[in-house]
Each structure stands twice: as structure tokens, then as C-alpha cells.
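1. show me the folded form of this:
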Amino acid sequence: MTTCGGGVTMRRRRTPAETQTVRRLVDLPLPAVETVLVNPLLFGAGRATVLDDGGVLRIDDPFRSVGQWPVSTWRMTATLRRQRAIARRALVRIEVAEWSHGGCELTVVPVSRNVALWSVRRQRRYYTLAHDVADHLTQSIAEAARRRHDRHLRAVVASGDTDRAAVLARAD
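-> Reported below is the predicted structural model:
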């Protein structure tokens, strides 16, 4: 509710970002997650991922940094559909934002402004797929970041070199 001139109170319309989002917590700091988000092998444009429950996530635009202050945010756009469906698909915006120093928040938001006008069946299918995408991306990001960290750790330990930055640069 907002108050306008003359004491009139108007009801503010909610945006899809407030009402139709699916969120997950990635339990890693943003710098570790950023190295995974820029990897074109994982999140390159045109890449399609088949989900466990028969959904397909096709990346339209790869992750890009869209804000540094007050919160660092990465955003990409993708198309979400059932594997066998031809006509019905949903355009989604996927964001990864810094939640705290030790974690990030992954958010899946429909690009459409009229999700409330979709049929109950379509909404149920969308939310099922959106939850599957959020779970899959959270797991993929965490696994890739941990693999990269382990690879760097092995490189530093195996080299015995005192210049850790030089070893990490060779490991990438």
C-alpha cells in the first residue's frame, strides 16, 4: 500500500519477481560460484540440458554480471519446456545473487507478466519444471565449484611451489 497526495491509499501491483519465483540457496561464496557461471561448457548460449523429470532447459543468453552494488548479481535467460511438448514453453530469467559472504541465492523467474492467467495445469507444469531447474542448477554449480577447488588444491599441494598464485594460474 502506498499513500498518494491527498491521503488516498492505492494498492501496489505485485511483480512476477515477488510472487512467482523459485529460489534455492547455493552454499558457496560468490567468488567460487562466479568462476563456474562464466564457463561456456556449462552455461554457454544454445546449451540444452535434459532434466530428470522430462524437462528441458535451453540457455538463450549465458550468465552475465548485471550489478555490483549493493549486491553482486549474475543473470541469464533460458527457455523451459517439457521434453515431449512442442508448443508450450516458458521463458525464464535465472539469477544468482550474493546472499551472504558464504552463500548465494539462485532464483528462477518467469519472463511472462501474465502467469496468473495461465491455466492451473500449465502453472502446475511450470512450477514443477522450475523447481527441477532450480535443484539441478544448484547441484551443478556446487559440484563444478567444488571440483575446481579440489583441482586447485591438488595442484598447489603437488607442486610444492611457494608461489601459490603461479600454481593456480597454471591449473586453470
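
2. same question for the longest helix anywhere in the chain, mean pLDDT?
-> In the chain, with assignment by DSSP state H, the single longest helix is helix 120-159. Averaged over helix 120-159, pLDDT sits at 85.

3. so which elements touch that helix?
-> Here helix 120-159 touches strand 22-26, helix 30-37, strand 55-67, strand 73-82, strand 89-100, strand 103-110, helix 164-171, going by 3 or more C-beta pairs under 8 Å, 6 or more residues apart in numbering; DSSP states H and E. Just so you know, the C-beta spots here come from the backbone N, C-alpha and C atoms, and that holds for glycine as well.

4. looking at those, which is nearest to Thr128?
-> With C-beta to C-beta, the closest approach to Thr128 among these belongs to strand 55-67: 7.8 Å.

5. low-confidence ranges, the protein, go.
-> Counting by pLDDT under 70, the ranges of the chain that qualify are 1-19, 85-87, 152-154, 156-157, 159-172.

6. the closest residue to Val111 other than its chain neighbours: what's it in contact with?
-> Counting by C-beta to C-beta, 6 or more residues apart in numbering, Val111 lies nearest to Leu91, which is 4.0 Å off, once chain neighbours are set aside. Shown in contact with Leu91 (C-beta atoms under 8 Å, 6 or more residues apart in numbering): Asp60, Thr77, Ala78, Thr79, Leu80, Pro110, Val111, Ser112.

7. Leu91 pairs with what?
-> With DSSP bridges as the criterion, Leu91 is bridged to Thr79.

8. ok, now Asp61?
-> Applying DSSP bridges to Asp61 yields these beta-bridge partners: Thr77.

9. that one reaches Thr79, doesn't it?
-> No - using C-beta atoms under 8 Å as the test, Asp61 is too far from Thr79 to be in contact (10.7 Å).

10. the helices and strands packed on helix 120-159: which one's closest to Asp132?
-> Shortest distance between Asp132 and these, using C-beta to C-beta, is found for strand 55-67: 5.5 Å.

11. which helices and strands sit right next to that closest one?
-> Going by 3+ C-beta pairs under 8 Å, 6+ apart, strand 55-67 lies up against helix 40-43, strand 48-50, strand 73-82, strand 89-100, helix 120-159.

12. quick one: contacts of stretch 136-144?
-> Defining contact as C-beta under 8 Å, 6+ apart, one finds that stretch 136-144 is touched by 24-28, 33, 36-37, 39, 42, 49, 51-52, 57, 94, 96, 106.
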